[in-house]
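Asker: pasting the sequence and the predicted coordinates here, then a few questions.
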Amino acid sequence: MLLEIIGTGEAYDRFRVNAAVLVQEQDFRLLIDCGPTVPQALWRRQLAADAIDAIYLTHIHPDHASGLTALLNQWASTGRRRSLQILCQPGQQPHLEWMSAYAAWPEQLPFAIQWRDAARTTEIGPWRLQTAPTQHSVSNLALRLEQQGPARHARGSLFYSGDGRPTAASASLMTGCVMAMQECFSPLEQGEGSHHGDLPGCLRQLQTARPRHLLLYHIEDGQHNAVAEAIRPRVDVSVAEDGERWCCVTGTQLDTSMGEQGERYAAGAG
Ligand SMILES: [Zn+2]
């Protein structure tokens, strides 16, 4: 179970790709979130038009979803015919349907989209799926993916918060995960009414949820050094960087020299 970090940026980040990740196990690939700068970051990886099986959208703020039109447009232009699953919240689906239709307007997309209610879906590809709301200005659903199979085998797992301040439910969802990614907009305490995470809150959550490794992302442009400096002595938490790859079974970072599997993954081959 591989985690590839496509982007770690906030909405208007000058340098980082909008926050998004690609999760892969065997031949199944799930893209989580798709902001406006995500499609180009995917194209750079030269993935085949049908390489991604499903897209999960934590919420539809533009920096998490507005790249959908460009991405589907490119897939339609480069020969995708295989159906696509999109997991989202039912109240947000009509907007995403419009964005998807616009990708091929005035024609129809040459592939089907299977819309799924994120909160009611319990399995996606090879993984068990669970969701929980965070505290955000629109409804945002954090998710947890977990490998299935016999308990005697080490099972990979990933928590991804999307956007927003942790809630009791999202903190509980993170508990015991191998890899966790938590939005951390500010290095400074933001207060209980805030719609964003902050470093003191993320560190409290790390203390109780105890993921093997916590990656902080969606940090306010210009504040990365302040966050990185504050956590420097620790080995269980780091600032996520675009392009990093992590193993969700062992909680260790992989690099581009991870061998044939990584190279094949980078090339988008099955
Ligand atoms: Zn948002």
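Answerer: In hand now; what should we look at?
Asker: so the residue in the chain sticking out farthest from the centre, which state does it fall into?
Answerer: No residue in the chain sits farther from the centre than Pro106, which is 30.6 Å out by C-alpha atoms, centre = their mean. What DSSP: H, G, I helix; E, B strand; the rest coil gives for Pro106 is coil.
Asker: so how far is Gln74 from it?
Answerer: Per C-beta to C-beta, to the nearest Å, Pro106 is found 18 Å from Gln74. From N, CA and C alone the C-beta is placed, and that goes for glycine too.
Asker: ok, back up a step: which pLDDT does the model give the residue farthest from the centre of the chain?
Answerer: Pro106 is assigned 97 on the pLDDT scale.
Asker: contacting residues for Gly162?
Answerer: If you count contacts by C-beta atoms under 8 Å, 6 or more residues apart in numbering, Gly162 has them with 32-33, 58-59, 64, 134, 136, 140-143, 183.
Asker: got JSON lines for the residues you listed, with secondary structure, pLDDT and neighbour count too?
Answerer: Compiled in JSON lines, the contacts of Gly162 are given as follows (DSSP: H, G, I helix; E, B strand; the rest coil; pLDDT from 0 to 100; neighbours: other C-beta atoms under 10 Å):
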{"residue": "Ile32", "secondary structure": "strand", "pLDDT": "98", "neighbour count": "24"}
{"residue": "Asp33", "secondary structure": "coil", "pLDDT": "98", "neighbour count": "27"}
{"residue": "Thr58", "secondary structure": "coil", "pLDDT": "98", "neighbour count": "30"}
{"residue": "His59", "secondary structure": "coil", "pLDDT": "98", "neighbour count": "23"}
{"residue": "His64", "secondary structure": "helix", "pLDDT": "98", "neighbour count": "26"}
{"residue": "Thr134", "secondary structure": "coil", "pLDDT": "97", "neighbour count": "26"}
{"residue": "His136", "secondary structure": "coil", "pLDDT": "96", "neighbour count": "23"}
{"residue": "Asn140", "secondary structure": "coil", "pLDDT": "98", "neighbour count": "28"}
{"residue": "Leu141", "secondary structure": "strand", "pLDDT": "98", "neighbour count": "25"}
{"residue": "Ala142", "secondary structure": "strand", "pLDDT": "98", "neighbour count": "28"}
{"residue": "Leu143", "secondary structure": "strand", "pLDDT": "98", "neighbour count": "25"}
{"residue": "Glu183", "secondary structure": "strand", "pLDDT": "97", "neighbour count": "26"}
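Asker: farthest pair within those residues?
Answerer: Ile32 and His136 (15.5 Å; C-beta to C-beta).
Asker: got the residues of this structure near the ion?
Answerer: 61, 163 (C-beta under 5 Å from the ion).
Asker: and the helices in the chain?
Answerer: For the chain, the helices defined by DSSP state H cover 38-44, 62-65, 68-77, 93-102, 168-174, 199-209, 224-231, 260-267.
Asker: looking at these, which one has the lowest mean pLDDT?
Answerer: Set side by side, those give their lowest mean pLDDT on helix 260-267, at a mean of 47.
Asker: is it true that Gln148 touches Arg128?
Answerer: Yes. Under the criterion of C-beta atoms under 8 Å, Gln148 makes contact with Arg128 at 5.6 Å.
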